[in-house]
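*Asks:* need a structure here:
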Amino acid sequence: MRQRLLTAAAELIPERGWTAVSTRVLAERAGVTPSVVHYHFPSLPALLNEAVVGLMRQMLADVDAFLSAAATPADAVDAMLESVDRYTGADPMSLLFVEACLAATRDEQLRGEIGAVVEEFRQRVGRWLGEHGVSAPAETAAALIAVVDGLLLHRGLGVGPDTGSAARVLRRLVA
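*Replies:* Numbers count the residues shown, from 1 in each chain. You can find the predicted model right below:
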């Protein structure tokens, strides 16, 4: 039941926007009564936060797999950018994350949870870069991840550069 609610939240946020997801609408999408929402979660915001943070962790775990398969930092850049190519900026996952980041500007708990996910990911990428001889690996990881996030945001606006041109710059960053 919890998973159905989390899945429904992840579908509704990009469709309607974070603030338009109500307990009633969520329960209807999950095929349950509104009381079931509050049985499984202390509040609607807690449910929405858990849905988004869980998907962010899952998505970044997929990137960890790309890192494991990469032989060089340049290969890792290429793999990260290939993963960016799966998103248009207007697809449900992109919209979900944009909505979550906007909501985090007003929700301290969500901001902290998303910030922790990003920081954990930066540390993993930084360790990997350090193990592969990149100087200033933590700082390089922070810049690399920020650029990838920016590319995704720009895609949603229709103004992003193609990943090929970004790849050339980012490969120099990790060289």
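*Asks:* tell me the helices in this structure, going along the chain?
*Replies:* 2-16, 23-30, 34-40, 44-69, 73-84, 92-104, 108-131, 137-157, 163-174 (DSSP state H).
*Asks:* As JSON lines, these with mean neighbour count would be great.
*Replies:* Quick note: C-beta positions are derived from backbone N, CA and C, even for glycine. Putting these into JSON lines (neighbours: other Cβ atoms under 10 Å) gives the following:
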{"stretch": "helix 2-16", "mean neighbour count": "18"}
{"stretch": "helix 23-30", "mean neighbour count": "17"}
{"stretch": "helix 34-40", "mean neighbour count": "16"}
{"stretch": "helix 44-69", "mean neighbour count": "16"}
{"stretch": "helix 73-84", "mean neighbour count": "19"}
{"stretch": "helix 92-104", "mean neighbour count": "19"}
{"stretch": "helix 108-131", "mean neighbour count": "16"}
{"stretch": "helix 137-157", "mean neighbour count": "17"}
{"stretch": "helix 163-174", "mean neighbour count": "15"}
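*Asks:* Would you mind putting the ones you listed into CSV with mean pLDDT alongside?
*Replies:* Converted to CSV, those look like this (pLDDT from 0 to 100):
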stretch, mean pLDDT
helix 2-16, 97
helix 23-30, 97
helix 34-40, 94
helix 44-69, 92
helix 73-84, 92
helix 92-104, 95
helix 108-131, 96
helix 137-157, 93
helix 163-174, 92
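*Asks:* What's the separation between the spatially most central residue of the chain and Ala10?
*Replies:* Nearest to the geometric centre of the chain sits Met56, at 4.1 Å (Cα atoms, centre = their mean). Distance of Met56 to Ala10, given as Cβ to Cβ, to the nearest Å: 11 Å.
*Asks:* cool, and Ala70?
*Replies:* Ala70 is 28 Å from Ala10, by Cβ to Cβ.
*Asks:* Contacts only, for the closest residue to Val25 other than its chain neighbours.
*Replies:* Leaving out its chain neighbours, the residue that sits closest to Val25 by Cβ to Cβ, 6 or more residues apart in numbering is Leu12, at 6.4 Å. Residues counted as contacts of Leu12 (Cβ atoms under 8 Å, 6 or more residues apart in numbering) are Val21, Val25, Leu26, Arg29.
*Asks:* Repeat the analysis, applying 10 Å as the threshold.
*Replies:* If a contact means Cβ atoms under 10 Å, 6 or more residues apart in numbering, then Leu12 has Trp18, Ala20, Val21, Ser22, Val25, Leu26, Glu28, Arg29, Ala30, Leu48, Ala51, Leu96 as its contacts.
*Asks:* Surely the fourth one touches Ile13?
*Replies:* No - with contacts defined as Cβ atoms under 10 Å, Ser22 does not count as touching Ile13, sitting 11.9 Å away.
*Asks:* With that, I have no additional questions.
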